[in-house]
Every structure is written in structure tokens, then in C-alpha cells.
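# just the structure for this:
(2 chains)
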Amino acid sequence: MKTLILRTASNYLLPILLLISIFILLRGHYLPGGGFVGGLIASIAFVLHAFANGLKNTKRLLKFHPGYLMPVGLAVSFLSGVLPVIGFDEPFMTGLWMHDAIPVLGKLGTALFFDIGVYIVVQGVTLTIIFTISESA
Amino acid sequence: MLIAILTGFLFAILLFFGGKKLVNHKLALLPTLIPLGLFVYFVRFIGEVSNKEFIHKTYEWIPSLGVNLSFTLDGLSLLFSLLITGIGTLVFAYTSSYLKGHEYLDRFYGYLSIFMGAMLGLVLSDNLISLFVFWELTSISSFFLIGFNNTSEASRKSALTALGITGIGGLLLLGGGIVLGNISGTYSITEMLAQKDFIQGHEHYILAACLIFGAAFTKSAQFPFHFWLPGAMKAPTPVSTYLHSATMVKAGVYLLFRMSPLMGSTSFWNNTLLIVGLITMVYSAFHSIFRTDMKGILAYTTISALGILVFLIGLGAHESYLAAAVFIIVHALYKATFFMMTGVVDHQAKTRNVTELSGLRKVMLPVAIAGLLAAISNAGIPPSVGFIGKDLIYEGTFHFEHSAILLTAFAILTNVFISYAGYVAGIKPFIGKLPEKFEKVKFPSFFLWFPPVLLGTLGFIIGLFPVLIEKSLVKPILWSIGEDAAEVHLKLWHGITPILGLSLLTIASGIILYFVLKPSAKKEAFITKFEALSPKSILENFNRAFSKFSVLWTRIFQNGYLRNYVSVIILFLIALMGYTLVDGTTYKIDYASFARLTVYEVVILTILILAIGLIVFAKSRLAAVVATGIMGYSICLLFVFYSAPDLAMTQFAIDTLTVILFVLVLYKLPKYLKLSDYKMRIRDGILSIAFGGLISILALEVLAQPVNSEISDFYAKNSYLLAHGKNVVNVILVDFRGADTMVEISVLAISAIGVFGLLKLRLKSVERYQK
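Numbering: from 1, shown residues only, chains lettered A, B, ... in the order given. Alright, predicted model coming up:
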């Protein structure tokens, strides 16, 4: 599917889709969205890019194997859960929140970082599976 | 006391870090300090215990379940602790020479010290559950010790057999502990003792007793579970000495001893022990006289000795308890001597076959002395402690209220066989002419010959001065099982009594048998003919049949066809759910409660049905995949209409990716072929319709139930208050049930690694193969 139109479009679509995925991730706490859907959308963005430009180019763009995203994401989620235990002497996964809201993002809390971890893991998982299958197929 | 038990484990962990350095150099004797230190620690308690001051210590472990680490040091525990640490010291020292320079010497010491710790825990535990934990730990560490020569298949197999048999026993012990715990409401043996009558009158008493029997008989190698012990002789000799003669195999006897005041003196308890012990002692004593391998002989006599102990406990009289208490000491002393002596012979002459060995006294005199001492004590010839032990056994049987003559006859028969076996193993290899091939056998090093000589001599010292163990060990043992010990006086010379006559008869018959019967390979071959009937072969045949059955089972159900898996799963579900639905549902559909159908819904449903039709009748795979995509998107739309935007978004993304994945996979498959014929299609169609129908009925049934909105109300109310989020779905995911999500993303990652591993790593190995 190496059509010129799709290839050109995908170069613009990739950043836009990634932005949307981050938007979806961030709004998740108040409106429909969240880390899981965000991660899926981000992976779709990369898959689309891979379809248009070939897997090699996408991989070159990524610079590292998407598999590495999994431990990173798991670590982010886990640390956001452990933070209350280490820093504040609260049970595991207690939500901690800042007092004042930050412009654009709203109130920040450990739940957001947990969701970011989910976002990263989902991307890592989806891309690893799809890249692996398309490489071996 | 907890520290004393944990020392073994801590030392094993320590070896993990510095083991190689510590053990493979001249420091190989250093680990010996551990059991030696513990031995000294326990010796200090003799004074208190012999004054009837027993020591109790409790550490809380799981108090909510009544499971505590409570330890009791009474006479029985003290005896075993001293045996474990005392013989342990000698075995540790012996090992330093026996396995000198062995690559895995550090591992060996690690396993040994874990075993020692577990064994100490076992004999000190007052809580049945912690006793079970230590019990299993001894089984596990003995598994590693038996299989220490892990390059030999026979040794791995024996280790597995031993683990299987003793492991099952451990589970039975857990069962027995739980039953007793349920009856009495406590897991502490001391507390149970107060409810003795209640427990013995309880309807589950027999069950509890059977479970305890199962545990004790498997661990102490009683008939018909005895066969793991001869197999376990594949272990290095220090292990046989330590585990399979002096300590671990006596754990079962210990358990029976410990439980006797609680569960004993009922006819069921006593008769079972009596019969099993009797069969074991006669059966294996008889077997021992046909063996030619020194360790084989010793293994069978050990089983026989364990049988005698069980038999004595089964007699359940004061004299027999006394006899059992003394015999434990006697047996540990001479049998450990035997084993260590065998180890030296094996180590220096490289064979254990008694038909080949002779005249070895010329090259290793101290070992010959050890063998002689052990054989004398084993045969019960005065002035060894064995004589006292044998005397007491006859006292026990002779003064028993029923069929005393018969029981005594069996005891004499067993002892004659055992003493013959002792002569063959302990004396025969050392006398006679030294064959040429053994002339160059080197003299063993100090730590090989000294421990057996020491133990053998100890047997004589105690024999001459039985007062040494009378007050310090024997009386406290009787106290700890609630017997009166005031009248106990151990002595060598009782005057001329019928018992003395029996002893002399035994000794004489043993010696005569030695001169009449010569061990030979022919006789061993004769007895192995009957092995087809032994419990071991029966178990092996059962195992073989079982693995055949499981192969058959796997071929039928795990046949590698995904479609068959799906069919089986669906069929099973239909059968299971259909049964419940037929049985207890009313099938009332309340049409009035349904909302009216809107145009959107009708349109989507039509699309759905068309898509399904397309999937079923599509001529190409790609078309079918596209149709599944359409179906997925239509369902998303339904979610949107029913105000589940989160679900819809996710489903949308997932469906997109699913279609992509499908296409990627299908791309490389061969052309769309019709693999299923007409009949199969009809079968699958019926299955699908049945399943769909079932799910519909289920959905309607769920709707008919009154809705419990408590949970959703809670989340709706508290999502902003407690978690500062307005999107309830997301708040549940990241906050209320965040731990679930944590696990789920871990599962996701694992599955991705699985896909990666399956496809990539396999490809690599294929590439390597092609090169």
C-alpha cells in the first residue's frame, strides 16, 4: 500500500494522531478517554505510518524497539502506586493529589501517572505484537 | 530456640555468597562448627529437662489462624535434637573428607544444613501446622540430597520416588493436623492433650488417625511404602548416614511417639501400629539377608528397625515405650556407625559388594574395628548398648497381655535376621584373605575413620554405664509421653531370667546363620524374582498406566486444532449452563418493560445481521475479516446509543487493531480453501445457534432479575469525592480498582513477550538449524 497520497498524509497524521492520543489520555479523568484508549490510538498512529511507509521506516522513526516501552510503563504505574507507601506512609495505590490545579492539565495526582503508565504499556504491547507478527508473516 | 532452628537455614543462605571460597579450600571443616555449636546448645538443656522442667517458647506467626511457632523442648525433643546435632557434627566432619574437592561441596553443605534446621524444627514444634511445614522441608531437602549425583539417572529417579512418597505423606499430615485442629479448636499438641477423651470419642477420630498413620508410615518407610528407602541409598553415604538411618526416617516414629499420649491406647491405634510394624520388621529383615550391596543390606535392616519401633509403640505398654526409647538411641548409634564404615569402604575400595570384599582389616584396621563394634551392638551381644535394647524389646513382647509367645517369636526371628545382616555388612568385608586387587587400597584419612569409631565406642561406653542415659534421656522421654518413669533402671545384668535365655538364643542363631548362609549374587537374583509382586512394581505399573492414560487424554483433547478447542469449550458451556437453565428458570419475558425500538437501532441491527451473513458465506478470507470489522463497529455504535462512550471508544480502537492483525496473519496463509465439508458446517451451525440462543436466554434472565445498583451508586457518588475524577469508568480503572489494572497491564506485557518469544525465538532456532 505504498501510495503517494497515503504516504504523504501519514506523515501529517502521525503527529496529529499522537497529539489526539495524549489529549484522550489527559481528559480521561473527567470525560470519556483514558490511558488504555489513548495507548491504542497512539499505536494505531504508528501502525498507519508503518502501512504507508514500510515497517523499517517506522522503526527507524521510533529509534528503539517498542518492547522497551512495556517495562518503562509498568515501572511508571508501579512507582505511582508505591509512592504513597514510600513517601507518605499510606497504603499501596492510595491516590495523592496536588492542592492547586495547573492550567490546561487540571489537578494532578498519582492516578494520572498511573494512567500514563497504562498508556505506555498498551502502546508497547500493541506495537510489539503487531510488529512481530508483520515481520514474521 | 528459634535462632537455633534458623541457624541451618541462615548458614545455607550464607553459603550462597561465600560457599565456594569457604568450602573448597582448607576450611572445609568450618561448617562442622554449626552442628557442633548447636549440639553444645542442646546439651545445656539436659539438666533442666532431666529435672522434668520442660521448656516452651511461642513466637506468633499467623495468630488469626491459630498457627504459631510454638516450640517445646521435652525429653523426646531433646533426644532427637541431640541425635540431629550430634550425629550431624560427625557427618559434617566426615563429609569434609568424603567429598573432598567435590565441585558442589558447598551445595551439599547447604542442603545438609537446611535439612538439619528443618529436622530440628520438626522435633521441636508443638504446633501441628508448623510441624507440617518443617516436615515438608525435610522431604524437600532430602530430595536434593538423594539426587545429589544429578548426572545419574538412577539417582534422580530415586530422589523423585522418595519425594513423591514422603511428599504425599506430608499432605496427609496436613490433613490430619487440620482434622485434629477442627475437632479440638487448636493446633497446639499440648493443648490438644487436655481434650484427649473428647478427641478419641469424636466421629472423625479414625480419619485423623488414618491421616497421621499415612504421614508416619511414608516417612518412616513402613510396609507397603518402604521401597523408597533402599532407592534413597543412591545418595552419597553421609546422606544415608544422616537422613536415612539416624534422623529423617525416624521422624515418622517421632510423630507416632508424640501422638501416642493423645491418640493412643485405643484398639484401632494400637492394632494398626502393631500389625504394620510387625509386617515391616519381619518382611524387611527377611529381605536384608539376601542382599549383597552393603548399603542395600543396611537399608533393609533400617526399615526393619523402624518396623520394630512402630511395633513397640503399637504395643502401647510401659515396657514397650521404654524399649522404643532406648532402641532409638541404640539404633542411631550402631546404624550411623555402619553407614559411615560402609562409606569408607566404598570410598577407598570403590565397591560395596560383600561377595567381593574381604580381608580389608589389613589396610584399614580402625574401620574394621568400627564395623566390629557396630555388628556386636547390632546383634545385641553384651556389653554393648544393643544388648540392653534387645533385652527391653523382649521384655516388651514377653510381658504383653495377648499372644506374647507369638509376638516374641516374631521379634526373635527379626533380630536373628538383623544380626546376620550386621555380621555380613560389618565383619565379613574385613576378615579372611585380602585379595590382590585390594592390596593397594589406601588408608583412609582421619575424618573418615574417626567418626564411626567414636560412635561405635560410644555404644559400648553407654552399654557398660547405662546410667549415663538413664536419667538424662530415657526418663524424660517417658515423662514427655505421660508415662511414669520412677521404676526405670537400665542395666546390663538382670540375673538369670527367661529374657536372658531369649537373648542368648538370638545371638547363637545369628552366628549359626552366618556360618550356614553365605551371601551370593545367586540368592539376590532369587529374591529379585519376586519384585514383580512388590509394592514398588505395583506403583511403577500404576504410574506407567497413568502416563499412558494421560497421553490418550491429551491426544483427544489437546489435538492442536483451534476449531476443536473452541467446539469443546462451547459444547461444555452449553451442557453446563443449559442444565441449570432447564432446571430452574421461569422464562417470562416482560415486554412492557422494554423500551421502544428506534430507527437507529433497527438500522444497526440490520447491518449486524448482514455482516454476519457475509462472514458465514464469504468466498474470500479478506471479505470475512472486513465483515467482522463491520460487526465490531456496529456494536460500537450500539454502545454509543446506550451511553457508554468509553466502551465505544475502546471497542473502536480494538476493532481496528483486530482487523489489522487478522489481515497481517491471513496475508501469508494459503488461498481460502474449503476445509470443512457440508456435515461439519451443519454441526458447527447447530453449535453456534445453540450457544447464541443460550446467551440470549441468559441475557433475558439477567434482565428479569431485580437490579442491584448498590455498587454503581457507590462509585457514582464517591468518584469525585474520593478520587477527584468525574469519569467513573476511568476512576474505577485507575483508582478504585487500580491494583487490578496493574495486574492486567502486567498480563498484557507478558502476552506480548509471549508472542515475541514464540515468533522471534523460534525463527532464530530454525535459522540456526538451516545453517
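# what number of residues lie near B:Leu758?
By other CB atoms under 10 Å in any protein chain shown, the residues close to B:Leu758 number 12. Any C-beta I mention is one placed from the backbone N, CA and C, and that applies to glycine too.
# ok so it is a strand residue?
No: counting by DSSP: H, G, I helix; E, B strand; the rest coil, B:Leu758 is not part of a strand but helix.
# so what's residue 48 up against?
I'll assume chain A. By CB atoms under 8 Å, 6 or more residues apart in numbering or on different chains, the contact set of A:Leu48 is A:Ser10, A:Leu13, A:Leu14, A:Leu17.
# hmm, no, I was thinking of chain B.
Contacts of B:Glu48 (CB under 8 Å, 6+ apart): B:Ile55.
# now it. Its backbone dihedrals?
The phi/psi pair for B:Glu48 (degrees, to the nearest 10) reads phi -60, psi -50.
# on the pLDDT front, check it for me.
We note a pLDDT of 84 for B:Glu48 in this prediction.
# B:Gly75 versus that one, what's the distance?
11 Å (CB to CB, to the nearest Å).
# before we move on, the earlier item: would you point out the most distant pair within the contacts of A:Leu48?
The most widely separated members of the contacts of A:Leu48, counting by CB to CB, are A:Ser10 and A:Leu17 (9.3 Å).
# the closest residue to chain B within chain A: helix or strand, and which one exactly?
Chain B sits closest to A:Leu40 of chain A, with a gap of 3.6 Å, by CB to the nearest CB. Element membership of A:Leu40, judged by DSSP states H and E, is helix A:35-53.
# give the buried residues for the next helix or strand along the chain from that helix.
Note on helix A:35-53: by DSSP H and E, the next helix or strand toward the C-terminus is helix A:55-62. Using 16 or more other CB atoms under 10 Å in any protein chain shown as the burial criterion, the residues of helix A:55-62 that qualify are A:Thr58, A:Lys59, A:Leu62.
# for chain A, what spans make up the strands?
In chain A, no segments count as strands under DSSP state E.
# any stretches of it with poor pLDDT?
A:1-2, A:98-107, A:137 (pLDDT under 70).
# for it, just list every one of the helices.
A:4-27, A:35-53, A:55-62, A:69-88, A:110-136 (DSSP state H).
# isn't the residue of chain A closest to chain B up against A:Thr126?
Yes: at 6.6 Å, A:Leu40 and A:Thr126 qualify as touching, with contact defined as CB atoms under 8 Å.
# quickly list what's touching both of these two.
In contact with both A:Leu40 and A:Thr126: B:Leu657, using CB under 8 Å, 6+ apart.
# quick check: which element contains the closest residue to chain A within the stretch 401-550 of chain B?
Closest approach of the stretch 401-550 of chain B to chain A (CB to the nearest CB) occurs at B:Ser550, with a separation of 32.5 Å. According to DSSP H and E, B:Ser550 maps onto helix B:535-557.
# next, the buried residues of that helix.
For helix B:535-557, by 16+ other CB under 10 Å, it's B:Lys536, B:Leu539.
# neighbouring contacts of that helix?
B:Phe223, B:Pro224, B:Phe225, B:His226, B:Phe227, B:Glu531, B:Val568.
# quick check, nearest of those residues to chain A?
For these, the nearest to chain A is B:Val568 (26.3 Å; CB to the nearest CB).
# quick check: buried residues in the helix or strand just after the helix holding B:Ser550?
Note on helix B:535-557: by DSSP H and E, the next helix or strand toward the C-terminus is helix B:562-584. Buried positions in helix B:562-584, judged by neighbour count with 16+ other CB under 10 Å: B:Ser567, B:Ile570, B:Ile574.
# helices or strands next to the helix or strand that helix B:562-584 is followed by in the packing?
Toward the C-terminus, helix B:562-584 is succeeded by helix B:599-617 as the next helix or strand (DSSP H and E). Here helix B:599-617 touches helix B:621-641, going by 3 or more CB pairs under 8 Å, 6 or more residues apart in numbering or on different chains; DSSP states H and E.
# what's the angle from the helix it packs on to helix B:599-617?
Helix B:621-641 and helix B:599-617 are oriented at 160 degrees to each other (axes from the mean of the first three to the mean of the last three CA atoms, to 10 degrees).
# helix B:621-641 and chain A, are they touching?
No: contact of helix B:621-641 with chain A (CB under 8 Å from any CB of the partner chain) is absent, the minimum separation being 10.3 Å.
# what about that helix, average pLDDT?
The average pLDDT within helix B:621-641 is 89.
# send me that helix as CSV with only the CA atoms.
Once non-C-alpha atoms are left out, helix B:621-641 reads as follows in CSV (Å, rounded to 0.1, in the frame of the first residue of the first chain):
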residue,chain,number,x,y,z
ARG,B,621,-11.0,-14.6,3.8
LEU,B,622,-10.4,-10.9,3.5
ALA,B,623,-14.1,-10.3,2.9
ALA,B,624,-14.9,-12.3,6.1
VAL,B,625,-12.4,-10.2,8.1
VAL,B,626,-13.8,-7.0,6.8
ALA,B,627,-17.3,-8.2,7.7
THR,B,628,-16.1,-8.9,11.3
GLY,B,629,-14.8,-5.4,11.4
ILE,B,630,-18.2,-4.1,10.3
MET,B,631,-19.8,-6.1,13.0
GLY,B,632,-17.4,-4.7,15.6
TYR,B,633,-18.1,-1.1,14.6
SER,B,634,-21.8,-1.7,14.6
ILE,B,635,-21.6,-2.9,18.2
CYS,B,636,-19.6,0.3,19.0
LEU,B,637,-22.5,2.3,17.7
LEU,B,638,-24.8,0.4,19.9
PHE,B,639,-22.6,1.3,22.9
VAL,B,640,-22.8,5.0,21.8
PHE,B,641,-26.6,4.9,21.8
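# so B:Ala611 sits against B:Tyr633, correct?
No: using CB under 8 Å, B:Ala611 is not in contact with B:Tyr633; the gap is 9.1 Å.
# please name the nearest non-neighbouring residue to B:Leu6.
B:Gly117 (6.5 Å; CB to CB, 6 or more residues apart in numbering or on different chains).
# now do the domain split for chain B, please.
As given by automatic domain parsing, the domain ranges for chain B are B:287-519, B:559-710.
# state the distance from B:Gly495 to B:Gly501.
From B:Gly495 to B:Gly501 the distance is 12 Å (CB to CB).
# please disregard the earlier target; I meant B:Ser220.
From B:Ser220 over to B:Gly501 (counting by CB to CB), the distance is 31 Å.
# between those two, which one's more packed in?
More crowded of B:Ser220 and B:Gly501, by other CB under 10 Å: B:Ser220, with 30 against 11.
# mind listing what the nearest residue to the more buried one once chain neighbours are set aside touches?
Residue nearest to B:Ser220 in three dimensions, not counting chain neighbours: B:Gly252, with 2.9 Å by CB to CB, 6+ apart. Residues near B:Gly252 by CB under 8 Å, 6+ apart: B:Gly169, B:Ala215, B:Ala216, B:Phe217, B:Thr218, B:Lys219, B:Ser220, B:Ala221, B:Gln222, B:Leu306, B:Val310.
# ditto for B:Leu207
B:Val179.
# identify each buried residue in the helix or strand harbouring it, please.
Applying DSSP H and E as the criterion places B:Leu207 in helix B:205-219. By neighbour count on 16+ other CB under 10 Å, the buried set for helix B:205-219 is B:205, B:208-219.
# and what of stretch B:602-612?
B:Ile604, B:Leu608, B:Ala611.
# now the residues you listed in TSV, with pLDDT and distance to B:Lys390?
Shown next, in TSV, are these (pLDDT from 0 to 100; distance: CB to CB, whole Å):
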residue	pLDDT	distance to B:Lys390
B:Ile604	91	93
B:Leu608	92	89
B:Ala611	92	89
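# which ones are touching the residue nearest in space to the middle of chain B?
For chain B, B:Gly167 is the residue whose C-alpha lies nearest the centre (CA atoms, centre = their mean; 2.2 Å). Residues near B:Gly167 by CB under 8 Å, 6+ apart: B:Glu136, B:Ser139.
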